[in-house]
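Asker: need a structure here:
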Amino acid sequence: MGSKNKLKRFRENETFRNVIQPQRDEILNGYPLKGDWKSHFGNDNPIVLELGCGKGEYTVGLAQRSKDKNFIGIDIKGARLWRGAKTALEENLPNVAFLRTQIELIDDLFAPGEIAEIWITFPDPQIKYKRTKHRMTNRFFLEKYKQILKSKGVVHLKTDSEFMHGYTLGLIQGLGLEILYANHDVYKNAGSPDAVLEIQTFYESQYLEKGKPITYIQFRI
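Answerer: Numbers count the residues shown, from 1 in each chain. As a prediction, the model looks like this:
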């Protein structure tokens, strides 16, 4: 994407009512929406996060399916989430918001028990050992998810990476967490939730064209 297109999208994001772009200092010094996200949406419906949302396909797709829930896509790359934000506005989806920030700050953005579900869709598997701290299902991140999730809150991981699938399964089993469902090839094996099969990200469609299996885990922390 050219720099002019990126700059145009950045400017448009500033005008979109469903895009929130807090400064880091603002987040760390007591973010006003923490514990009060219902004031943004105007209701007290359950809140679902998509972490590393990219173009926001899952945020928008889930919001279309569940009007009784609120959905927030989180990504640091504004030019990507612009697409999801624009689509949500075009389709008049008031239960969608996009938050441009770093994922490691989520416990400064959301209060304990404020989140009902978390979706992690096609994260970078960070295969090298020295990159373990960046894997979005490592112990550090799981602890942050635990802090903001409601009791019995659910985490969904959908990925094309067999490494990420196996790493996460091994970790959550070792921690004694409850695995609700696991599938190493959702399009060949029956039983996956409809949302896993019927919503596809931009990258997922490319992986499928190459014949890569798509994996999915649903678990509680």
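Asker: Can you tell me the centre-most residue of this structure?
Answerer: residue 50 (1.7 Å; Cα atoms, centre = their mean).
Asker: contacting residues around it?
Answerer: Taking Cβ atoms under 8 Å, 6 or more residues apart in numbering as the contact definition, residue 50 lies against 56, 58-59, 62, 71-74, 118-121. For every residue, glycine as well, the C-beta is placed using N, CA and C.
Asker: swap in residue 78?
Answerer: Here residue 78 is in contact with 9-10, 13, 19, 21, 100 (criterion: Cβ under 8 Å, 6+ apart).
Asker: mind running it again at 10 Å?
Answerer: Residue 78 makes contacts with 6, 9-10, 12-14, 19, 21, 85, 98, 100, as judged by Cβ atoms under 10 Å, 6 or more residues apart in numbering.
Asker: Looking at those residues, which one is closest to residue 193?
Answerer: Closest to residue 193 out of the contacts of residue 78 is residue 98 (23.4 Å), distances taken as Cβ to Cβ.
Asker: Make sure the residue nearest to the centre of the chain is indeed in a strand.
Answerer: Yes. Assessed with DSSP: H, G, I helix; E, B strand; the rest coil, residue 50 lies in a strand.
Asker: Just the pLDDT for it.
Answerer: For residue 50, the pLDDT comes out at 98.
Asker: Just grab the bridge partners of it for me.
Answerer: When assigned by DSSP bridges, residue 50 has beta-bridge partners residue 73, residue 119.
Asker: how near is it to residue 127?
Answerer: Noted for residue 50: a distance of 23 Å to residue 127, by Cβ to Cβ, to the nearest Å.
Asker: Does residue 180 fall in a helix, a strand, or a coil region?
Answerer: Applying three-state DSSP: residue 180 is strand.
Asker: Phi first, then psi, for the closest residue to it other than its chain neighbours.
Answerer: Excluding its sequence neighbours, the residue lying closest to residue 180 (Cβ to Cβ, 6 or more residues apart in numbering) is residue 218, at 4.4 Å. Main-chain dihedrals, residue 218, degrees, to the nearest 10: phi -120, psi 130.
Asker: Over to residue 137?
Answerer: Main-chain dihedrals, residue 137, degrees, to the nearest 10: phi -120, psi 20.
Asker: Can you report how many residues lie near it?
Answerer: Applying other Cβ atoms under 10 Å, we find 23 residues neighbouring residue 137.
Asker: Ok, residue 194 next?
Answerer: 8.
Asker: In a helix, residue 9, correct?
Answerer: Yes. The assignment for residue 9 (three-state DSSP) places it in a helix.
Asker: For the nearest residue to it once chain neighbours are set aside, give me the pLDDT.
Answerer: Of all residues not flanking residue 9 in the chain, residue 82 sits nearest, at 4.1 Å (Cβ to Cβ, 6+ apart). pLDDT, residue 82: 95.
Asker: Give the full set of residues in contact with residue 82.
Answerer: For residue 82, the contacting residues are 5-6, 8-13, 16, 19, 55-56, 98, 100, by Cβ under 10 Å, 6+ apart.
Asker: and what of residue 49?
Answerer: 59, 70-74, 99, 103, 106, 109-110, 114-120, 145, 148-149, 155.
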